[in-house]
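Enquirer: Let me see the structure of the following:
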Amino acid sequence: MNLLQPYLKSNKDRFVQELFNLLKIPSISADSSYAKDVYKAADFVADSLKTAGCDTVEICQTKGFPIVYGEKLIDPKLPTILVYGHYDVQPADPIELWDAPAFEPIIKKTELHPEGAIFARGACDDKGQMFMHVKALEFMTSTDQLPCNVKFMIEGEEEVGSENLADFVKNNTTKLKNDVILISDTGMIAKDTPSITTGLRGLSYVEVEVTGPNRDLHSGIYGGAVANPINVLAKMIATLHDENNHITIPGFYDKVEELSEEERAEMAKAPFSLEDYKDSLKINAVHGEKGYSTNERNSIRPTLDVNGIWGGYTGEGAKTVIASKAYAKISMRLVPNQDYEEITLLFKTHFENIAPKGVTVKVTPHHGGQGYVTPIDTVGYKAAAMAYKDTFGTAPIPQRGGGSIPIVALFEKELKSKTILMGFGLDSDAIHSPNEHFGLFNYFKGIETIPLFYKYFTELQS
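Expert: Predicted coordinates:
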């Protein structure tokens, strides 16, 4: 790996430009009008894997968008690392809040990134982080320093629930056989404080529909005489938390994993400034479940949030109507031992039960997945810790993540292997938001660290 720095130095500009070319493709999987662009991104990833040194690359069709598979197998006696990532991205909305067009990447210097950061949709989640692995492979194959076998599985539906990935994994267990799975779709504490995500929350995502009268009504003639679905929905949602911000769904907490005081104390050692946190979000107070810190609320505790709510007239000017229907999208982040299908059913039953007379309620589950925990005594974790120590000069901190990657639990179930979450993004990278970005420092630090994981994992497995 002693050739890495010279290789990086001579190829930095190209590595950035190639990522720019990928970021320019608006591969929004949630919007069918961008379908051609999603396929275009799949082709780009396939071509990049071939250029990086994969001997076999396939664009595997599914019922939805394709999965790009690539492999470089050098010796069946050596360990095999399976890299997972995704090339689809979130919609750019609200586009008016972007400082520059979301799919025209630019580099800007910021206080946190004086060396510059790449601003574009997908810069961090997950095109930039996925592409680090492609460039790391290119380095290892170009300098004859690949120490083991590697496989890639890059999908195009992660942002819409990975609906077709489960079938692909179940039907290709031999093709995907590996000794460890490596994912960079998470973050780290800070540029000078590396961390490895050791836990992910599960997810239950639903849409609710409240229906009142059979048509929109004049609010002067009918107001006060019939149930207003928007008013009703707002009141129903308001009851889902109590005065301590505790979720009120019966049975919701029955299987929640309660961490010991010792474990919570270890988590609390991670550097964190509440004032900086509030300042970065421009808020004057934090909010959440009573009895838990901010970092605990967003990692080891379950949550329920409204992601969108609509109904009635929202255009310019006034239209005095009582809407026939009102809608909301609701996500619940779950902790280990909470089964997302069970939680979805508990939500559905409760939400239907609290509906007042005069309206009907429909709950439609969208997607979900189980939580996941990676033990820190595995070979994969130890190899990752050694790699971070080499490149950052300090040992990484194990940290539970607040997000969800539902397919990680599926991987362990079907492929019988552990996943190591080596994320290089930061909480401030604005993923899923306007002005998403990814620091150049983080991008290159990932390319620098990943080959060392390969090296140490191979050595520890021998």
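
Enquirer: going forward, measure contacts between C-alpha atoms and count neighbours the same way
Expert: Fine.

Enquirer: how near is the closest residue to residue 45 other than its chain neighbours to residue 344?
Expert: With CA to CA, 6 or more residues apart in numbering as the criterion, residue 45 has its nearest non-adjacent residue at 7.2 Å, and that residue is residue 68. Relative to residue 344, residue 68 is positioned 31 Å away (CA to CA, to the nearest Å).

Enquirer: about what we covered before: report how many residues lie close to the residue nearest to residue 45.
Expert: Using other CA atoms under 10 Å, the number of residues around residue 68 comes to 25.

Enquirer: what is it paired to in the beta sheet?
Expert: Listed beta-bridge partners, residue 68: residue 59, residue 154 (assigned using DSSP bridges).

Enquirer: Scan the chain for its longest helix.
Expert: Taking DSSP state H as the assignment, the helix of the chain that covers the most residues is helix 440-461.

Enquirer: C-alpha coordinates for that one, PDB please?
Expert: As requested, C-alpha coordinates have been extracted for helix 440-461 and formatted as PDB (Å, rounded to 0.1, in the frame of the first residue of the first chain):
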ATOM      1  CA  LEU A 440     -12.900  16.300  -0.700                       C
ATOM      2  CA  PHE A 441     -11.000  15.300   2.500                       C
ATOM      3  CA  ASN A 442     -13.600  12.600   3.200                       C
ATOM      4  CA  TYR A 443     -13.700  11.300  -0.400                       C
ATOM      5  CA  PHE A 444      -9.900  10.800  -0.600                       C
ATOM      6  CA  LYS A 445      -9.600   9.600   3.000                       C
ATOM      7  CA  GLY A 446     -12.100   6.800   2.000                       C
ATOM      8  CA  ILE A 447     -10.100   5.800  -1.000                       C
ATOM      9  CA  GLU A 448      -7.000   5.800   1.200                       C
ATOM     10  CA  THR A 449      -8.600   3.700   4.000                       C
ATOM     11  CA  ILE A 450     -10.500   1.000   2.000                       C
ATOM     12  CA  PRO A 451      -7.400  -0.700   0.600                       C
ATOM     13  CA  LEU A 452      -6.000  -1.000   4.100                       C
ATOM     14  CA  PHE A 453      -9.200  -2.800   5.200                       C
ATOM     15  CA  TYR A 454      -8.600  -5.300   2.400                       C
ATOM     16  CA  LYS A 455      -5.000  -5.800   3.600                       C
ATOM     17  CA  TYR A 456      -5.800  -6.300   7.300                       C
ATOM     18  CA  PHE A 457      -8.900  -8.400   6.700                       C
ATOM     19  CA  THR A 458      -6.800 -10.800   4.500                       C
ATOM     20  CA  GLU A 459      -4.000 -10.900   7.100                       C
ATOM     21  CA  LEU A 460      -6.400 -11.500  10.000                       C
ATOM     22  CA  GLN A 461      -8.300 -14.300   8.100                       C
END
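
Enquirer: Any buried residues in it, and which?
Expert: Within helix 440-461, the residues that count as buried by 16 or more other CA atoms under 10 Å are 440, 442-458.

Enquirer: same question, stretch 314-322
Expert: Going by neighbour count (16+ other CA under 10 Å), the buried part of stretch 314-322 is 321, 322.

Enquirer: so how far does it reach from one end to the other?
Expert: As for stretch 314-322, its first-to-last residue distance stands at 12 Å under the measure CA to CA.

Enquirer: gap between that stretch and the chain center?
Expert: Per CA atoms, centre = their mean, to the nearest Å, the displacement of stretch 314-322 from the mean C-alpha position of its chain is 36 Å.

Enquirer: same question, stretch 451-461
Expert: 26 Å.

Enquirer: what do you get for stretch 84-93?
Expert: Distance, centroid of stretch 84-93 to centroid of chain: 9 Å (CA atoms, centre = their mean).

Enquirer: Ok, stretch 47-64 next?
Expert: From the chain centre to the centre of stretch 47-64 is a distance of 22 Å (CA atoms, centre = their mean).

Enquirer: Now tell me what touches it from outside.
Expert: Identification of contacts with stretch 47-64 by CA atoms under 8 Å, 6 or more residues apart in numbering yields 42-43, 46, 66-73, 134-135, 137-139, 141-142, 157, 164, 168.

Enquirer: Name the residues that touch stretch 440-456?
Expert: Defining contact as CA under 8 Å, 6+ apart, one finds that stretch 440-456 is touched by 1, 4-5, 8, 81, 113, 115-118, 128-129, 132-133, 135-137, 140, 146-148, 191, 383-384, 386-388, 390-391, 424-425.
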